[in-house]
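> Pasting the sequence and the predicted model now:
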Amino acid sequence: MSSEVRVRFAPSPTGYLHIGGARTALFNWLFARHHGGKFVLRIEDTDTKRNTEEAMAAIYEGLEWLGLDWDEGPHVGGHYGPYLQSERTELYEGHLKKLQDAGHIFEDQGAMRFRSPREHVIVDDIVAGKIDFDLTNPATHPDMTIRRPDGSWIFHFVNVIDDLEMKISHVIRGEDHLSNTPKHIEIFRALGASPPRYAHIPLILNRDGSKMSKRDEGARLEYYTRRGYLPAAVRNYLCLLGWSPKDNREKMDVGEIIRIFDLKNIGRSSATFDPDKLHWLNGEYARELTDADFYNLAVARLKSSGIKLDDFPEQYVRAALQTCKGKINTFDELPAYCGFYFNDDFDYNPEGVAKYFTAENKARLKAVRDAFSALEKFDAADIETTVKSTAAKLGVKAGAIVHPTRLAVTGSNVGPSLYHLLEVLAKEKVLARIDRALGIF
RNA sequence: GGCGCGUUCGUCUAGUGGUUAGGACACAGCCCUCUCAAGGCUGGUACACGGGUUCGACUCCCGUACGCGCUGCCA
C-alpha cells in the first residue's frame, strides 16, 4: 500500500448528476487531495444508446460547479486512457481472453459468464469492516454474466478491468455496491491481480426514508445550481452527510476539510437529505460573500428571472442590491425580495393591506409623506429622523409609520431596511408610491 | 425467500462500560430592533424492542422488529 493513492469517480451518463453521485465524487476527491493522490474521472457509457454528449456534459458541469477537478479523465487526458468505457473495448477483450485461457469463462446462450471459484470471500472494507461472504452456493450466487450475446459488456466486468488497468488504489463508492464487491474480487483474483482497498459509503435517503431517486425533485445537483445555491455551501453540506469532523464543526472551509478528511470518520448508517439545513448553510455562505460577488450573483439571478436591470443606472442597481445583502439564503429568493426596486406597478400584500392600510394609518402616511417632501437631503439618516419625529408629533411609535410606509412603497411587509430602501428609491419615487397607495384606501 | 448492512432528538450527528447523553438544522418563547433576516438567551423532543454479560450498559454478545441494499444479459 505504499504506492500512489489513485481513486476514481465512475458515473454512467444518465443526463444529470445525482446528488448521491456528487457526494461519492466529493469523497473520492477529498481523499485524493488529502493524500496528494490522483482523482480520476471515468465515464461508464457501456449503454451506448443512452449515452449522449449532453448527458456527459451534465456530469462535467456538475463536478466543475462543485469545484471537483479531476487529474485524469475526459478533457484532461492521462496515462491510463481512454476514459470512456465505450472506447476501451480492446482492453476488455484482452482480459476476457486471459480469463478464457485460464478456464474461468463459459458460454451460455451466446453470453459470456464468469465461473465463480465458489469460496468464501472476505471483504475488508475501510468503512464497513470485515465482511465474510459465502459464495459457495450457486443457487444464491449465480455465475455472473460479463458480456452479452450482442457483444456489449456488463458493468461488473468492465468496472473491475478499468480499476485494474487504471491502477486504482481505493474504490470509494456507494454502499449499494457492497454486496457486489466479493464478485469483483473474484475477477481480480482470477486475473492474478490484487484488488484495491474498498470503502463503501452509506446511501442518501429522502425525507420519507426511501432511496433518493431521479424522480425526487432535489435528487439532481442541477436543482441546486438552478435555485441559486452556492457551490461551496452545497459541497460543505454534502460533506456532512455521512462524514463528520467529530468536533461539532459544521461550516468548514474546504481546505480544512481536505486536511482532516479520513475515510475512518465516515459513518455506517444511511443519511436523510435535509433541505432545511442546506438552506441554512447556504445562508451562512451567502452572508460571507464579498460585495462584488454578491452583486454579480444577484444581477445574474435577477436578469434570469426577467427583471430588466439594464433599464436602470448601475449605481441604482448596486445600491438596491446592497440593501439585500445578508438578508437572503438562496438567490432564488431575491427577485421576490427586491423586485419592488425595479417595478412601480406592484401589488400590495393582502394581509398587509388589511393590517396596515387603515383609516388612522392613512393620516400617518400623509403626515410622513408631507415631511418627506419637505426634506432637502433624502438619505437614510434624515429619513430615519423624519420618520421618528413625525411619529413623535403624532404621539405614536415609529412602527405605526414604518409599517404602512413599507407596504405603500414596496407592496410587502418584509424587506430591506426601510430607511435605506427609501434612500435608494429616492424622494420622487417614494412620494409617487405613497400617493398611489393613498389613493386605494 | 436467501445473503449483506444498518437502527442516538423530526433531521444531520458526537459519544467507544460509569455523561445532567453534547452540538447543529427545524420548531417554540424571550431579547435586540424600522419589518424580515442575522445575532443573543431559553425551552421541548432521542439511545427501536427483548434477553443476556457486568457492580454498572447508548456503548459488549444473542435474538426480534423495522429500514435499506444485493440477489439482472442495469449501473
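Received it, and whenever you're ready, just let me know what you need. Numbering: from 1, shown residues only, chains lettered A, B, ... in the order given.

> Please, where are all the helices along the stretch 201-350 of chain A?
A:221-226, A:231-240, A:254-260, A:275-288, A:291-304, A:314-322, A:334-338, A:350-356 (DSSP state H, counting those that start in this stretch).

> Excluding sequence neighbours, find me the nearest residue to residue A:232.
Distances taken as Cβ to Cβ, 6 or more residues apart in numbering put residue A:285 closest to residue A:232, at 5.4 Å, once the chain neighbours are dropped. Every C-beta, even on glycine, is put in place using the N, C-alpha and C of the backbone.

> ah, wrong one, I meant residue A:226
Excluding the flanking residues, the one nearest residue A:226 by Cβ to Cβ, 6+ apart is residue A:332, at 7.9 Å.

> was I right about that neighbour contacting residue A:301?
Yes: Residue A:332 is within contact range of residue A:301, at 6.9 Å (criterion: Cβ atoms under 8 Å).

> shared neighbours of these two, which are they?
Common contact partners of residue A:332 and residue A:301 (Cβ atoms under 8 Å, 6 or more residues apart in numbering): residue A:228.

> Between those two, which is the more surrounded one?
Between residue A:332 and residue A:301, counted using other Cβ atoms under 10 Å, the more crowded position is residue A:301 (20 against 15).

> Look up how far RNA strand B lies from the more buried one.
Distance check for residue A:301 against RNA strand B: by Cβ to the nearest atom of the strand, to the nearest Å, it reads 17 Å.

> Looks like that residue contacts residue A:229 (just checking).
No: counting by Cβ under 8 Å, residue A:301 stays clear of residue A:229, with 11.2 Å between them.

> Switch the helices of the stretch 201-350 of chain A over to a markdown table; also include mean pLDDT.
Below are those laid out as a markdown table (pLDDT from 0 to 100):
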| stretch | mean pLDDT |
| --- | --- |
| helix A:221-226 | 93 |
| helix A:231-240 | 97 |
| helix A:254-260 | 96 |
| helix A:275-288 | 96 |
| helix A:291-304 | 95 |
| helix A:314-322 | 96 |
| helix A:334-338 | 95 |
| helix A:350-356 | 90 |
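
> for those helices, which one ends up most surrounded?
Among the helices of the stretch 201-350 of chain A, helix A:231-240 has the highest mean neighbour count (mean count of other Cβ atoms under 10 Å), at a mean of 21.

> Contacts for that one next, please.
With Cβ under 8 Å, 6+ apart as the test, helix A:231-240 has contacts from A:19, A:22-23, A:26, A:30, A:65-67, A:221, A:224-225, A:250-252, A:254, A:257, A:277-278, A:281-282, A:284-286.

> Stretch A:300-318 too?
Stretch A:300-318 has contacts (Cβ under 8 Å, 6+ apart) with A:228, A:295, A:299, A:331-332, A:334-335, A:338-339, A:341-343, A:424.

> Please, where are all the strands along the stretch 51-200 of chain A?
All strands of the stretch 51-200 of chain A, identified by DSSP state E, counting those that start in this stretch, fall at A:105-108, A:111-114, A:120-125, A:129-134, A:145-147, A:170-174, A:197-201.

> so which of these comes closest to residue A:242?
strand A:197-201 (5.7 Å; Cβ to Cβ).

> residues in contact with residue A:295?
By Cβ under 8 Å, 6+ apart, the contact list for residue A:295 reads A:318, A:321, A:322.

> Make a markdown table from those residues and add distance to residue A:412 to it.
Output for the contacts of residue A:295, formatted as a markdown table (distance: Cβ to Cβ, whole Å):
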| residue | distance to residue A:412 |
| --- | --- |
| A:318 | 21 |
| A:321 | 17 |
| A:322 | 18 |
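
> nearest to residue A:159, of those?
The closest of these to residue A:159 turns out to be residue A:321 (Cβ to Cβ; 48.3 Å).

> what about residue A:310, neighbour count?
With other Cβ under 10 Å as criterion, residue A:310 counts 8.

> try residue A:378
Residue A:378 has 18 neighbours, counted by other Cβ under 10 Å.

> Please identify the helix or strand for it.
Per DSSP states H and E: residue A:378 is located in neither a helix nor a strand.

> ok, now how distant is it from residue A:409?
Between residue A:378 and residue A:409 the computed distance is 13 Å (Cβ to Cβ, to the nearest Å).

> Between the two, which contacts overlap?
Residues touching both residue A:378 and residue A:409 by Cβ under 8 Å, 6+ apart: A:422, A:430.

> filter the contacts of helix A:231-240 by proximity to RNA strand B?
Among the contacts of helix A:231-240, the ones lying near RNA strand B by Cβ under 7 Å from any atom of the strand are A:250, A:277, A:284.

> dump the residue contacts of residue A:327.
A:337, A:416.
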